[in-house]
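Student: Predicted model and sequence below, questions to follow.
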Amino acid sequence: MSRIVHEGRSLECRFDETVLEALLRQGVDAPYSCRAGVCHACLCRGEDVSALNPESFRGLSAEQRADGWFLTCQAKPVEDLHLRDAAGLRKCRVLSNRQVAPDVFILRLEGKDFTYRPGQFLLLHCQGLSRPYSIASHPAEGYLEFHIRKLEGGALSPLLCALRTGDSVDISEAAGSCHYGSPHATSDLVLAATGTGLAPLMGVLKDAIKKEHPGWIFLFHGGRVKSDLYLDDEIRVLMKKHPRLLYRPALTRDSLPGYASGRLTELIPPLLKTPQQCSAFLCGHPDFVRELRLKLFLAGLPSARILADAFSHTKGAT
Ligand SMILES: Cc1cc2nc3c(=O)[nH]c(=O)nc-3n(C[C@H](O)[C@H](O)[C@H](O)COP(=O)(O)OP(=O)(O)OC[C@H]3O[C@@H](n4cnc5c(N)ncnc54)[C@H](O)[C@@H]3O)c2cc1C
Ligand code: FES
């Protein structure tokens, strides 16, 4: 048995019990969703996590691991563990919540002095639930923007879509390695998303533009029908201002002039003339991310230059 120190309490963690199980058993209202290491809703930080089992860091970057982040639903500590998750939570006021498609809302929160890199995600906490959401804004904008897909029957997303100006939600610190950085500074960027996977890509795009990215930036957004491309007009305006940005929207059910027909996983690989010189950011449905990652790798794009955020979830998550 080891001990978990949480907000001044010393709790027991039995042999073969996860940190999450130990916290819940002893009455701590710890966030979680899939309990399978995929959704990251249970992300938490510890003082020294080096002795934790490797599964505790599934899907996390070396940077996050060095910062003490781990998944409580996977961690089975063999030594005492000091948590510092709650200290990271901060209350934020809702500035606006705008419906931009039948099932998508753009939520803006007060965000001055909040440290993050555009494209990272954080946990939104509301009414005792929490899930990861990607940040679509840039720190220079002074607010935090999220694109929330309202999932009928989902526990948290309908609550977030119903938030009004003046309401408040809690946010965790930002995490994730899907952000623009020096390794990408000289490559052509391939940004590809389905649905609200566009959110982190907008963060990456704004950062790349701000840093005067010298290469081409190809932005691919895929949906079924035109209303799924909820930032279509805004991105076209941006493209006029930035000649090195090429926007390529694609639809699987509608056939319209100016929009490619088909799935991005089929459309993108043949379009890349020099894949070995590209960096790719892929976000959205896990199947889309998995398939495109493999195809880009097979087309010659080095795996170290393919960054991805799969919006993972598990069937039956609560
Ligand atoms: C790193 C990361 C970043 C994310 N960023 C965003 C973001 O920017 N915008 C956004 O809208 N979402 C994002 N997500 C997904 C988000 O965290 C939630 O999973 C999603 O909003 C559903 O939460 P919920 O509580 O409404 O549904 P839940 O109550 O968790 O799920 C209810 C049911 O719906 C199913 N389900 C859950 N999610 C989906 C889905 N996406 N598609 C189909 N079925 C699903 C589940 O299997 C379950 O059966 C992200 C996920 C990850 C891991
Ligand atoms: S609850 Fe731990 S990763 Fe989903």
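Tutor: Looks like it arrived, so ask away. Ligands and ions are numbered 1, 2, ... in the order given.

Student: From here on, just use CA atoms for contacts and neighbour counts.
Tutor: Noted.

Student: Can you give me the neighbour number for residue 294?
Tutor: Neighbour count for residue 294, taken as other Cα atoms under 10 Å: 14.

Student: That one - that's part of a helix, no?
Tutor: Yes. Counting by DSSP: H, G, I helix; E, B strand; the rest coil, residue 294 is part of a helix.

Student: who's in contact with it?
Tutor: By Cα atoms under 8 Å, 6 or more residues apart in numbering, no residues touch residue 294.

Student: Now do the contacts for the residue of the stretch 51-200 of the chain found nearest ligand 2.
Tutor: Per Cα to the nearest ligand atom, residue 73 is where the stretch 51-200 of the chain lies closest to ligand 2, at 4.4 Å. Contacts of residue 73 were listed using Cα under 8 Å, 6+ apart, and they are 18-21, 32, 35-37, 42, 56.

Student: which residues in this structure form helices?
Tutor: Counting by DSSP state H, the chain has helices at residues 19-25, 62-66, 157-161, 198-210, 232-241, 264-271, 286-298.

Student: Out of the ones you listed, which gets the lowest mean score?
Tutor: Sorting these by mean pLDDT places helix 62-66 lowest, at a mean of 80.

Student: Quickly list what the residue positioned nearest the centre of the chain is bridged to.
Tutor: Of all residues in the chain, the one closest to the mean position by Cα atoms, centre = their mean is residue 134, 3.7 Å from it. Taking DSSP bridges, one obtains residue 121 as the residues bridged to residue 134.

Student: that older thread, most tightly surrounded among the helices of the chain?
Tutor: Ranked by mean neighbour count, those are led by helix 198-210 with a mean of 24 (mean count of other Cα atoms under 10 Å).

Student: one step back: switch the contacts of residue 73 over to a markdown table, and while doing so, append distance to ligand 2 to every line.
Tutor: Below are these laid out as a markdown table (distance: Cα to the nearest ligand atom, whole Å):
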| residue | distance to ligand 2 |
| --- | --- |
| 18 | 10 |
| 19 | 10 |
| 20 | 8 |
| 21 | 11 |
| 32 | 4 |
| 35 | 4 |
| 36 | 5 |
| 37 | 3 |
| 42 | 4 |
| 56 | 9 |
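
Student: Which entries within these meet the buried criterion?
Tutor: For the contacts of residue 73, a burial check counting by 16 or more other Cα atoms under 10 Å picks out 18-21, 32, 35, 37, 42, 56.

Student: Nearest to residue 260 among the residues you listed?
Tutor: residue 37 (35.3 Å; Cα to Cα).

Student: just checking, the closest one touches residue 60?
Tutor: No. At 10.3 Å, residue 37 and residue 60 do not qualify as touching, with contact defined as Cα atoms under 8 Å.

Student: In the protein, where is pLDDT below threshold?
Tutor: Applying pLDDT under 70 to the chain flags the ranges 85-88, 313-318.

Student: Swap in 50 and give it another go.
Tutor: 87, 314-318 (pLDDT under 50).

Student: and the nearest residue to residue 21 once chain neighbours are set aside, how far is that from residue 33?
Tutor: Spatial nearest neighbour of residue 21, excluding adjacent residues (Cα to Cα, 6 or more residues apart in numbering): residue 73 at 7.2 Å. Computed as Cα to Cα, to the nearest Å, the residue 73 to residue 33 distance reads 9 Å.

Student: Spit out the residues that contact the two alike.
Tutor: Contacts common to residue 73 and residue 33, judged by Cα under 8 Å, 6+ apart, are residue 42.

Student: what does the stretch 51-200 of the chain put close to ligand 1?
Tutor: Counting by Cα under 6 Å from any ligand atom, the stretch 51-200 of the chain comes close to ligand 1 at 121, 131-134, 146-149, 151, 153-157, 196, 199.
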